[in-house]
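Trainee: Sequence and predicted structure below; questions after.
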Amino acid sequence: MNRIVSQLLHHRYIILILLVITIWGCQSEKANDKKSDPPLSTYKPVTINVPPFNKDSAYYYVKHQVEFGPRIPGSKAHLECSEWLAEKLNSYGLDVTIQKSVATTFDKKKFDLYNIIGSYNPKSTERILLCSHWDTRPFADRDEGENYNKPFDGANDGASGVGVLLEIARQISIAKPAIGIDIIFFDLEDYGNSAIDESWCLGAQYWAKNLHKPGYYARFGILLDMVGAKGATFPKEGTSMYYASGIVDKVWGIAQRKGYGEMFTNQTTSPTTDDHLYVNRDANIPCINIVHYNASKRDYFPHHHRVTDNMDNIDPTVLDAVGNTLLQVIFEENAGI
Ligand code: AHN
Ligand code: ZN
């Protein structure tokens with residue numbers, strides 16, 4: 001009798017335990033239900049609004065710089081243009097810092113150096129750096145005969161990258177992305193001598209060792225150099241590939257998706273010295289260079305350091321390809337923060 005009772009009790013325990021487990025199981029299933037993903041049909045595709053680049057506006061900014069005259073360090077045109085650039089960035093609501101120093105060039109001359117920096121959303125810790133040099137080389141030393149060593153306009157070599165970035169500044173001031181963006185116009189990039197190491201990019205060298213804000217960092221940087229001439233090609237440049245191949249592939253992928261594959265080619269070229277080298281090496285910010293280079297001729301654009309680097313060779317459709325690519329990069333990055 002006792003045995004039967006105890007067996008019954010035993011059974012009751014087992015039933016109770018099973019009941020508890022079942023209820024608990026159902027509840028945790030419910031909890032799981034809540035956590036699980038919604039059905040695929042409810043997903044909306046992510047649409048990123050990217051403002052359109054205005055190539056005429058960019059062209060005008062290039063032309064306006066050229067109209068100051070060659071922006072040769074120490075000249076009136078150089079000083080006047082620096083004031084105009086700072087004023088333009090300020091007019092688009094960017095925080096402007098003018099980093100001033102004295103640079104000694106390879107020929108032992110001293111010049112006032114002005115790096116002009118515009119910070120959009122200065123408080124954001126997620127930042128993109130965009131840069132270009134704004135000075136003009138004082139001598140057309142790739143010309144022969146009467147034009148050798150004459151000053152030149154630097155419409156492509158100098159003004160084009162700055163023109164694209166001023167239009168980017170205008171567009172972000174309208175569209176107001178949440179990400180932070182710094183636009184830096186480096187001075188004294190072009191007063192170099194190819195036989196002398198480190199004689200180029202004096203403004204970028206100074207900035208990389210004296211950041212305008214202590215501890216400044218950006219996710220990545222993009223340098224523009226000679227981005228406005230007819231027939232431009234932008235192969236993947238060696239220094240950019242060495243330090244930041246992931247950024248090169250991201251930017252070239254975006255350019256190709258937007259239909260600019262004829263310009264943004266998949267050729268890779270040997271490493272070159274330009275402002276981005278110092279941003280990478282000394283400031284430790286991965287930075288790429290979009291630079292007009294002819295991979296088969298192993299040379300820059302045809303009018304490089306010649307008096308023919310003037311407005312006649314500036315093609316708004318090239319400025320447009322570079323500008324629209326940059327805006328797509330910025331707004332895709334912004335959507336991911
Ligand atoms: C050299 O010629 C070694 N580097 C300078 C790159 C450059 C000049 N970009 C514009 N002008
Ligand atoms: Zn140059």
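Mentor: Yep, it's here. Ligands and ions are numbered 1, 2, ... in the order given.
Trainee: SS state for Gly259?
Mentor: Under DSSP: H, G, I helix; E, B strand; the rest coil, Gly259 falls in the coil class.
Trainee: no, scratch that, I was asking about Thr97
Mentor: Strictly by three-state DSSP, Thr97 counts as strand.
Trainee: Show me what it bridges to in the sheet.
Mentor: Per DSSP bridges, residues listed as beta-bridge partners of Thr97: Ile117.
Trainee: That one contacts Ile117, correct?
Mentor: Yes: judged on CB atoms under 8 Å, Thr97 makes contact with Ile117 at a distance of 4.4 Å. Every C-beta, even on glycine, is put in place using the N, C-alpha and C of the backbone.
Trainee: Compare these two (neighbour count), which wins?
Mentor: A direct count of neighbours by other CB atoms under 10 Å for Thr97 and Ile117 places Ile117 higher, at 24 against 18.
Trainee: list the contacts for the more buried one?
Mentor: Taking CB atoms under 8 Å, 6 or more residues apart in numbering as the contact definition, Ile117 lies against 96-99, 182-185, 212.
Trainee: picking up where we left off before, so what sits against both of Thr97 and Ile117?
Mentor: His212.
Trainee: And Ser173, how far from Asn193?
Mentor: According to CB to CB, to the nearest Å, Ser173 stands 39 Å off from Asn193.
Trainee: Ligand 1 contacts on the chain?
Mentor: Counting by CB under 6 Å from any ligand atom, the chain comes close to ligand 1 at 157, 190, 194, 200, 225, 273-274.
Trainee: Tell me which two of the residues you listed sit farthest apart.
Mentor: Greatest spatial distance among the residues of the chain next to ligand 1 (CB to CB): Ser194 and Asp225, at 15.6 Å.
Trainee: and these two? which has more neighbours close in?
Mentor: Asp225 (27 against 10).
Trainee: What is the burial count for the closest residue to that one other than its chain neighbours?
Mentor: With CB to CB, 6 or more residues apart in numbering as the measure, Val291 is the residue that lies nearest to Asp225, at 4.3 Å, once sequence neighbours are left out. Using other CB under 10 Å, Val291 has 24 neighbouring residues.
Trainee: do the same with Ser270
Mentor: Counted with other CB under 10 Å, the neighbours of Ser270 add up to 11.
Trainee: Relative to ligand 2, how far out is it?
Mentor: 17 Å (CB to the ion, to the nearest Å).
Trainee: I'd say that residue and Gly238 touch.
Mentor: Yes: with contact defined as CB under 8 Å, Ser270 reaches Gly238; the gap is 4.6 Å.
Trainee: Name the SS class of the most centrally placed residue in the chain, please.
Mentor: The structure's the chain has its C-alpha centroid closest to Ile222; by CA atoms, centre = their mean the separation is 2.7 Å. Counting by three-state DSSP, the backbone at Ile222 sits in strand.
Trainee: Quick check: pLDDT value at the nearest residue to Met226 once chain neighbours are set aside.
Mentor: Nearest non-adjacent residue to Met226, counting by CB to CB, 6+ apart: His292, 4.1 Å away. With respect to pLDDT, His292 has a value of 98.
Trainee: mind listing what His292 touches?
Mentor: Per CB under 8 Å, 6+ apart, neighbours of His292: 156, 225-227, 229, 232-234, 300-301.
Trainee: Next step: these restricted to strands.
Mentor: 225, 300 (DSSP state E).
Trainee: what's the residue nearest to Met226 sitting at in phi/psi?
Mentor: His292 adopts backbone torsions of phi -70, psi 120, taken as degrees, to the nearest 10.
Trainee: Do a quick rundown of the strands in the stretch 151-300 of the chain.
Mentor: 180-186, 220-225, 287-291, 293-294, 299-300 (DSSP state E, counting those that start in this stretch).
Trainee: Please identify the residues of this protein in proximity to ligand 2?
Mentor: 137, 157, 190 (CB under 5 Å from the ion).
Trainee: separation between the first one and Asn147?
Mentor: Going back to what we said before, that points to Arg137. 13 Å.
Trainee: In terms of neighbours, single out the busier of those two.
Mentor: Each of Arg137 and Asn147 has its neighbours counted (other CB under 10 Å); Arg137 has more, 25 against 15.
Trainee: wait, that one sits on Lys150?
Mentor: No: taking contacts as CB under 8 Å, Arg137 lies outside contact range of Lys150: 10.9 Å.
Trainee: quick one: pLDDT of Tyr43?
Mentor: 69.
Trainee: ok, the residue lying closest to Val318 once chain neighbours are set aside - contacts?
Mentor: Spatial nearest neighbour of Val318, chain neighbours left out: Ala232 (4.8 Å); criterion: CB to CB, 6+ apart. Counting by CB under 8 Å, 6+ apart, Ala232 makes contact with 226, 263, 292, 301, 315, 318.
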